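>>> coordinates for the following, if possible.
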Amino acid sequence: MNTENVTGETAVSPEDKLDFKRIMPIFVIVLIDLLGLTIIIPLLPLYAASFNATPAIIGVLGATYPVLQFIGAPVLGRLSDRYGRKPILVISQFGTLVGFLLLGVANGLPLLFLSRIIDGISGANIATAQAAITDSTTEKTRTQGLGLIGAAFGLGFIVGPVIAFVSLAVTDNNYHAPALAAAGFSLLSILLTIFWFKETLPEEHRGDEQGKPAFSFSAMLKALSYPAVGILLVLMFAQQLAFGGFEQLLSLFTLSRLGLNAAGNSIVFVYIGIIVVAVQGGLIGKWSRKYGDRRLIYGGLALMAIGLILLGLTPKHPVPWYSETAMTEELTGNRNLPGETPPSQNVALGLPDETDKGWLGLIWLMIAVVPASIGGGILQPAINSLITKRVKNDETGGILGISSSFVSAANALAPLLGGFIFQAWGASAPFVIGGVLSGIMLVVAMQRVKPGKEEKMVAGLARGGGH
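Numbering: from 1, shown residues only. Predicted coordinates for the structure are as follows:
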């Protein structure tokens, strides 16, 4: 509640202010935890390719983590309600550490898969951190507190690939180095959680959720029938299917089309991260106020359709510094731990030859990812924002949880479908198909997502503003 002091200024009550001292440990722990994840994102497809994996197998590997996280995170979330946030956070972080260590010493595909299985099934880090922020905020400060998780994601997706690039540069492109660097950050997050993080869920509040199911497919299906909301959940799933395929397969695409290695892909991911952070960190708020969430969804789908189709049409011109021999050596040399003799086999993924080298392909790619990244950066927050405006206040948390489940399901399906399409129909196919899907969803959205009560309310306020 705001009060007026003797000087006539409005004093802000403690309930209206975010307690940064309490939130900061959670923010720092999430950021450091995310650095581990974002370090390996540009690397993992090429790491698998270095063990002779086909695009289809790489797609299955990419799907392993989100599938197991989709199953494991709700269960660990319920356990955190019962036993407290801190022990579950430490357990999930320990699983992440073991996963990265296995990745760092992997000498074949089985260890790569095992590392993603362990990390995925214990992957409740972010969900538990969000619960801790919910414990530590009031209704008035919760959006700001949870917004810091988004800020941590943004910073992680810029800094993580930079660390990957540096670790590859100083080790002569040894793929084990970024994975071990990720393990180091994971260990640091565990130590910070143990020694700095204070339990946010009081004992008297634990066990409140006991007896409720950890997850329900029926709740997801039921939500699709909600008036004005079901179509938004379909759009959430479809856009993440398209954008998730873009993120997961981009490294393979740039390798086969432009000859970019892991270090080069790290720089591309930094570039994409900067665009997404600029959109989600400031531009989307201005655009939402100016155009409204509904038009923002239309624009996001249009931009993603254009960007993904352009990306798929990237000319096959390897970068000027590309060497097929050096790229083959980089991939085959990373099948073994340092000190072991690398085999002389060819990689399963087709590499470009050295004819027609030049800048055209890279310039085309850097232009194409701009609309794709802006569209991807717009859609998830815009759809979720519109969802919250079209449900009752007491249903907001539940429907956002279901929205998150649709995102997780799409993240699991995107690399699986994309990997098989990549192998069967070529490198361009997953991106062109993703662009066409986005275009179809744009047409559906324009027909089905009509102005709602939130726009009528704003229009009414605007008309009555002068009275």
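>>> list the contacts of residue 150.
Residues near residue 150 by CB atoms under 8 Å, 6 or more residues apart in numbering: residue 280. No exception for glycine: its C-beta is placed from N, CA and C like everyone else's.
>>> cool, and residue 431?
245-246, 249, 253, 308-309, 311-312.
>>> lowest-confidence entry in these?
Least confident entry in the contacts of residue 431, by pLDDT: residue 245, with 89.
>>> quick one on the thing from earlier: in the contacts of residue 431, find the pair that's most separated.
249 and 309 (14.8 Å; CB to CB).
>>> who has more neighbours, those two?
residue 249 (25 against 21; other CB atoms under 10 Å).
>>> buried stuff in the host helix or strand of that one?
Per DSSP states H and E, residue 249 falls inside helix 230-258. For helix 230-258, the neighbour count (16 or more other CB atoms under 10 Å) marks 231-258 as buried.
>>> for stretch 161-178, same thing?
Quick answer for stretch 161-178 (16+ other CB under 10 Å): 161-165, 167-168, 173-178.
>>> quick check: the farthest pair among those residues?
Once CB to CB is applied, the buried residues of stretch 161-178 give 162 and 176 as the farthest pair, at 18.5 Å.
>>> can you tell me what sits against the host helix or strand of residue 126?
In the assignment (DSSP H and E), residue 126 maps to helix 125-135. Residues from elsewhere that reach helix 125-135, judged by CB under 8 Å, 6+ apart: 23, 26, 29-30, 33-34, 73, 76-77, 80-81, 85, 88-89, 92-93, 96, 142, 145-146, 148-149, 197, 200-201.
>>> from these, which would you call buried?
Applying 16+ other CB under 10 Å to those flags 23, 26, 29-30, 33-34, 73, 76-77, 80-81, 85, 88-89, 92-93, 96, 145, 148-149, 197, 200-201 as buried.
>>> so what's the residue count around the closest residue in space to residue 102 that isn't next to it in sequence?
Nearest non-adjacent residue to residue 102, counting by CB to CB, 6 or more residues apart in numbering: residue 115, 3.8 Å away. Residue 115 has 26 neighbours, counted by other CB under 10 Å.
>>> so what's residue 115 up against?
98-103, 106.
>>> and the helix or strand harbouring residue 276, how far from the chain's centre?
Using DSSP H and E, residue 276 falls within helix 262-278. Between the centre of helix 262-278 and the centre of its chain there are 13 Å (CA atoms, centre = their mean, to the nearest Å).
>>> give me the contacts around that helix.
By CB under 8 Å, 6+ apart, helix 262-278 touches 38, 41-43, 46-47, 154-155, 157-158, 161-162, 164-165, 168-169, 173, 175, 178, 250-251, 254-255, 258, 260, 319, 330, 365-366, 369-370, 373-374, 376-377.
>>> thought residue 85 was touching residue 193?
No: applying CB atoms under 8 Å, one finds residue 85 not in contact with residue 193, separated by 9.4 Å.
>>> which strands and helices sit next to the helix or strand harbouring residue 402?
Residue 402 belongs to helix 396-425 when elements are defined using DSSP H and E. If you count contacts as 3 or more CB pairs under 8 Å, 6 or more residues apart in numbering; DSSP states H and E, helix 396-425 packs onto helix 55-83, helix 217-223, helix 230-258, helix 360-389, helix 429-448.
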